[in-house]
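# based on what follows, work out the 3D shape:
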Amino acid sequence: MTALATGTADLEPLSRNRAFQLLWLGEGVSVLGNATSIVLLPLLAVIAFDAGPGFMGALATAAWLPWLVIGLPAGAWVDGLPARGVMIAADLVSAAAYASVPLAWWLDVLTLGQLLVVALIGGVATVFFRTAYAVFLPQVVAREHLEPANGRLFGTESAMQIAGPGVGGMLAQMFSAAFGVLLDAASFLVSAACLWRIRTRSEPPAVTTPAVPLRTRIGEGVAFVRRDRYLTWFTAIGGLANLGHTGMGALLVLFLVRDLDLDPSGVGLVMALGSSGGLVGAIFASRVSRRLGSGYASTLFLLGAGMPCLLVPLASPGSGVVLVPLGLFLVGMFVVAGNVVRGAWRQRYVPARLMGRVITTTQLVNFGTMPVAGVLAGWLGTHLGVRETIGVMAVVILVASLLVLASPLRGLRHLPEPEFPDDC
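All right, here's what the predicted structure looks like:
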C-alpha cells in the first residue's frame with residue numbers, strides 16, 4: 001500500500017501524514033549512512049593512503065564543487081520535473097557511486113583519484129536531491145506544519161549525525177573504512193524505496209514551459225533573490241559561514257588523528273558528541289521561535305553560532321580534546337536551530353513555482369563557497385599548519401555570525417510574510 005499526498009490544503013497532521021512519515025524515515029536512514037562516510041572517506045585517505053592537507057582540501061572541494069558549477073541550471077530543471085522522481089534518481093546514483101569504493105578496495109584497485117570522483121558524483125546527486133527536497137516537502141506537508149516538520153527532519157538528521165561518526169569509526173576500527181562505506185550505499189537505496197512508496201495525486205506542474213530559454217528561467221530565480229533584502233542577507237551570511245565551516249571540516253579528521261593523537265574510534269566519538277548539539281537545536285528551535293518571534297530567534301541563533309568555533313583550535317592531546325566536541329556541540333546547536341526556523345520560513349515565503357530556482361540561487365552562494373574553502377584550507381594547511389588554519393576558519397565563522405547585526409534582520413521580531421501568499 002502506498003502513501004498518498006493530496007496537496008497542502010487538505011493534508012493531515014504530521015502524526016497521521018503517511019507520506020511525511022515515509023519521507024522522514026528515508027531521510028533519516030540516508031543521513032545515517034552519509035554521516036558514516038563523512039568520517040570514513042577522510043579516514044580512508046589518511047590511514048590507507050597517508051593523504052595530507054592538500055588532498056583533504058581537494059576531497060572537500062569535490063563534494064561541494066557541483067553547487068558552484070551546476071547549481072543554477074539544476075534549479076531550473078527541477079522546477080520543471082517531478083520532484084519525487086528527481087530525488088529517487090539522485091539516491092540511486094549516489095548508491096552506485098559509494099558502492100564502488102568497497103568493490104574497488106576488494107579488487108585492490110582503489111585510488112585517491114577514485115575517492116575524489118565518488119565525492120564529486122555524490123555532490124552532483126546531492127545538488128538535485130536537496131533542490132527537489134525543498135520543492136517536495138511543501139507538497140506533502142501543510143503550510144502550518146512546515147516548521148514542526150522541518151524540526152523533526154533536522155532533529156532526525158542531527159540524531160543520525162550523532163550516531164553516524166561513531167558507527168563509522170567503529171566500522172573502520174573493526175573492519176576497514178572502505179567496507180564501512182557500504183552502509184552509506186545501502187542507506188541511499190532505503191531512501192529511494194521510501195520515496196517510491198509515496199504517491200501524489202498531482203505534483204504542481206511547472207509554470208514555465210520548455211519553450212522558455214533556460215537562461216530566462218534561471219534569471220527569474222536570481223532576480224527574486226536579488227530583489228529581496230532578507231534572502232540576500234541570509235545568502236551572504238550563509239556563504240561566508242559555510243566558507244569557514246567547510247574549511248574547518250576539511251582538516252578536522254586530519255587534526256584529530258595527527259595533532260590530537262586519536263584513533264578511528266576516538267575520531268568517531270568526538271564527532272558524534274559534537275554533532276549532538278544539532279539534535280538539541282532542532283528540539284528547541286520551534287519553541288524559541290514561537291516565544292521570541294521568528295526574527296528574534298533567527299538573529300539569536302546566528303549570533304550564537306560564531307564564538308564557540310574558537311574552542312576547536314585550542315584543543316590539545318589528552319583532556320584538552322574535550323574542547324573540540326564542546327565547540328562543535330554549541331555551533332551545531334545554534335546552526336541547526338537557525339536552519340529549522342529559516343527553512344520553514346523560506347518554504348512559506350517563496351512562491352512554489354520558483355522554489356527550485358530560488359533554492360539553487362541562494363545555495364550557489366551558500367554552497368558555492370565550500371569548494372573554495374576546500375582549496376583554501378588545503379593550501380593554508382600545507383603552508384600555515386593544520387591547527388592554525390582551523391583557527392583562521394573559526395574567525396571567518398565568527399565574522400559571518402556578527403554580520404547579522406548590520407542586516408535588516410536586526411530588531412525584526414518576525415520574519416516577513418509572503419507578498420502573494422496564494423502563490424506559495
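
# look up phi and psi at the residue nearest in space to the middle of the chain.
Geometric centre of the chain, nearest residue: residue 130, 8.3 Å, by C-alpha atoms, centre = their mean. Dihedral angles of residue 130 (phi, psi; degrees, to the nearest 10) stand at phi -70, psi -40.

# and it, how far from residue 363?
Computed with C-beta to C-beta, to the nearest Å, the distance linking residue 130 and residue 363 is 7 Å. Every C-beta, even on glycine, is put in place using the N, C-alpha and C of the backbone.

# who touches the residue nearest to the centre of the chain in this structure?
By C-beta atoms under 8 Å, 6 or more residues apart in numbering, the contact list for residue 130 reads 359, 363.

# ok, then the element right after the one helix or strand residue 290 maps to?
According to DSSP states H and E, residue 290 maps onto helix 264-292. Sequence-wise, the next helix or strand downstream of helix 264-292 (DSSP H and E) is helix 294-304.

# compute the inter-axis angle for that next one and helix 264-292.
Angle, helix 294-304 to helix 264-292, by axes from the mean of the first three to the mean of the last three C-alpha atoms, to 10 degrees: 150 degrees.

# neighbouring contacts of helix 294-304?
By C-beta under 8 Å, 6+ apart, the list of residues contacting helix 294-304 reads 237, 281, 285, 288-289, 292, 330, 333-335, 337-338, 341-342, 345, 401-402, 404-405, 409-410, 412-415.

# list only those of those residues flagged as buried.
237, 281, 285, 288-289, 292, 330, 333-335, 337-338, 341-342, 345, 401, 404, 409, 412, 415 (16 or more other C-beta atoms under 10 Å).

# ok, and the closest non-adjacent residue to residue 312?
residue 327 (4.4 Å; C-beta to C-beta, 6 or more residues apart in numbering).

# any low-confidence regions in the stretch 151-300 of the chain?
Applying pLDDT under 70 to the stretch 151-300 of the chain picks out residues 151, 154-176, 200-214.

# what segments of it are strands?
Along the stretch 151-300 of the chain, the segments classed as strands by DSSP state E, counting those that start in this stretch run 198-200.

# residue ranges for the helices of it, please.
177-196, 214-227, 229-254, 264-292, 294-304 (DSSP state H, counting those that start in this stretch).

# got the angle for the first one vs helix 264-292?
Between helix 177-196 and helix 264-292, the angle formed by their directions is 30 degrees, by the same axes, to 10 degrees.

# mind giving me the packing neighbours of helix 177-196?
Here helix 177-196 touches helix 18-43, helix 83-106, helix 146-174, going by 3 or more C-beta pairs under 8 Å, 6 or more residues apart in numbering; DSSP states H and E.

# buried set for the shortest one?
If you call a residue buried by 16+ other C-beta under 10 Å, then helix 83-106 has these buried ones: 83-84, 86-91, 93-95, 97-102, 104-105.

# just give me how far it sits from the chain centre.
The chain centroid and the centroid of helix 83-106 are separated by 18 Å under C-alpha atoms, centre = their mean, to the nearest Å.

# tell me what that helix is packed against?
helix 18-43, helix 112-140, helix 177-196.

# the longest one versus helix 177-196: what angle between them?
Going back to what we said before, that points to helix 112-140. Going by the same axes, to 10 degrees, helix 112-140 makes 20 degrees with helix 177-196.

# and helix 112-140, how far from the chain's centre?
Taking mean C-alpha positions (C-alpha atoms, centre = their mean), helix 112-140 and its chain are 10 Å apart.

# pretty sure residue 108 is in a helix, no?
No - read with DSSP: H, G, I helix; E, B strand; the rest coil, residue 108 is coil and lies in no helix.

# how close does residue 149 get to residue 290?
For residue 149, the distance to residue 290 equals 15 Å [C-beta to C-beta].

# repeat that for residue 110.
Residue 110 is 50 Å from residue 290, where distance means C-beta to C-beta.

# which of those two has more neighbours?
Between residue 110 and residue 290, residue 110 has the larger neighbour count (other C-beta atoms under 10 Å), namely 20 against 11.

# that one reaches residue 178, doesn't it?
Yes - between residue 110 and residue 178 a contact is recorded at 6.5 Å, counting by C-beta atoms under 8 Å.

# shared neighbours of those two, which are they?
Contact with both residue 110 and residue 178 is made by residues 48, 101, 104, according to C-beta under 8 Å, 6+ apart.

# was I right to think the last one contacts residue 115?
No - contact status for residue 104 versus residue 115: not in contact, 9.4 Å apart, counting by C-beta under 8 Å.

# packing partners of the helix holding residue 290?
Partner elements for helix 264-292 (3+ C-beta pairs under 8 Å, 6+ apart): helix 18-43, helix 146-174, helix 294-304, helix 323-349.

# please repeat the previous calculation with a cut-off of 10 Å.
Applying 3 or more C-beta pairs under 10 Å, 6 or more residues apart in numbering; DSSP states H and E, one finds that helix 264-292 makes contact with helix 18-43, helix 146-174, helix 229-254, helix 294-304, helix 323-349.

# list the buried residues for that helix?
264-283, 285-286, 288-289, 292.

# pLDDT averaged over stretch 51-64, what's the number?
Stretch 51-64 shows a mean pLDDT of 81.

# check the offset of that stretch from the chain's centre.
That offset, for stretch 51-64, works out to 17 Å (C-alpha atoms, centre = their mean).

# returning to what we had before: now list whatever residues contact both of residue 104 and residue 115.
Here residue 104 and residue 115 have residue 178 as joint contacts, going by C-beta atoms under 10 Å, 6 or more residues apart in numbering.

# picking up where we left off before, of all the helices and strands packed on helix 264-292, which lies closest to residue 70?
In terms of C-beta to C-beta, the element of the helices and strands packed on helix 264-292 nearest to residue 70 is helix 229-254, at 17.3 Å.

# list the buried residues of the closest one.
For helix 229-254, using 16+ other C-beta under 10 Å, the buried residues are 230-254.

# what does stretch 187-196 give?
For stretch 187-196, by 16+ other C-beta under 10 Å, it's 187-192, 194-196.

# could you verify my assumption that residue 124 touches residue 89?
No - under the criterion of C-beta atoms under 10 Å, residue 124 makes no contact with residue 89, lying 11.2 Å away.

# shaky segments in the stretch 301-424 of the chain?
356, 419-424.

# repeat that for 90
For the stretch 301-424 of the chain, residues meeting the criterion pLDDT under 90 lie at 305, 318-319, 332-333, 335-375, 377-378, 381-383, 404, 406-424.

# intersection of neighbour lists for residue 130 and residue 363?
Both residue 130 and residue 363 are contacted by 67, 74, under the criterion C-beta under 10 Å, 6+ apart.
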